[in-house]
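Participant: Sequence and predicted structure, then a few things I'm wondering about:
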Amino acid sequence: MLDIVHFLHLLSATAWAGGAIFFAFVVEPTLLRLDPPAMRGFTLTAGRFAGPLMAGSGILLLLTGVARAWLGGGIATPADIITPYGLYSLAALAIVVFVTVTGGRHRASVAALLAAEGDRRAEIAASWRSHATITGVGLIAVVAIMAILGLGLY
């Protein structure tokens, strides 16, 4: 069972993190080169496909992360949360939630800016820079935590 949970955790992490990186560092900078009507059209269309994939992989990532910590024995009791393994796991969970929440706020902000009159690309670019920084730093931190836990360096 643990092997299946571990596989699903890695699969969902790859989809979620890969999607977050692709959107933050490829799609959004490309969108900023389009005119506002084209940006609106693309974001609406892409959201129909990306939304379910990102939401599904994110939910699966969080659920399998918790299951992996419990089934693997790293966090078997509430007291295990304050062990190094537990603290690293909580840090990874907090980072993933933070990146997800800030990403949702960023997308809502961009949608509102695109719905407004005029060319709001400068404001969208400022929001994107902040979002890309949070996404990049957050995912590097999660990968570092995964390496620490995977190599038993805690």
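Facilitator: It's in.
Participant: so where do the helices sit in this protein?
Facilitator: 2-22, 28-31, 36-71, 84-115, 121-150 (DSSP state H).
Participant: And the longest one, what does it pack against?
Facilitator: Judged by 3 or more CB pairs under 8 Å, 6 or more residues apart in numbering; DSSP states H and E, the packing partners of helix 36-71 are helix 2-22, helix 28-31, helix 84-115, helix 121-150. Bear in mind the C-beta positions are built from the backbone N, C-alpha and C, glycine included.
Participant: Now that we have the helices of the chain, can you turn them into TSV and tack on mean neighbour count and distance to Thr77?
Facilitator: Output for those, formatted as TSV (neighbours: other CB atoms under 10 Å; distance: least, CB to CB, whole Å):
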stretch	mean neighbour count	distance to Thr77
helix 2-22	16	18
helix 28-31	17	43
helix 36-71	15	10
helix 84-115	16	10
helix 121-150	16	18
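Participant: I'd like to know how far His106 sits from Gly18.
Facilitator: Separation of His106 from Gly18 (CB to CB, to the nearest Å): 18 Å.
Participant: repeat for Ser89
Facilitator: Per CB to CB, Ser89 is found 22 Å from Gly18.
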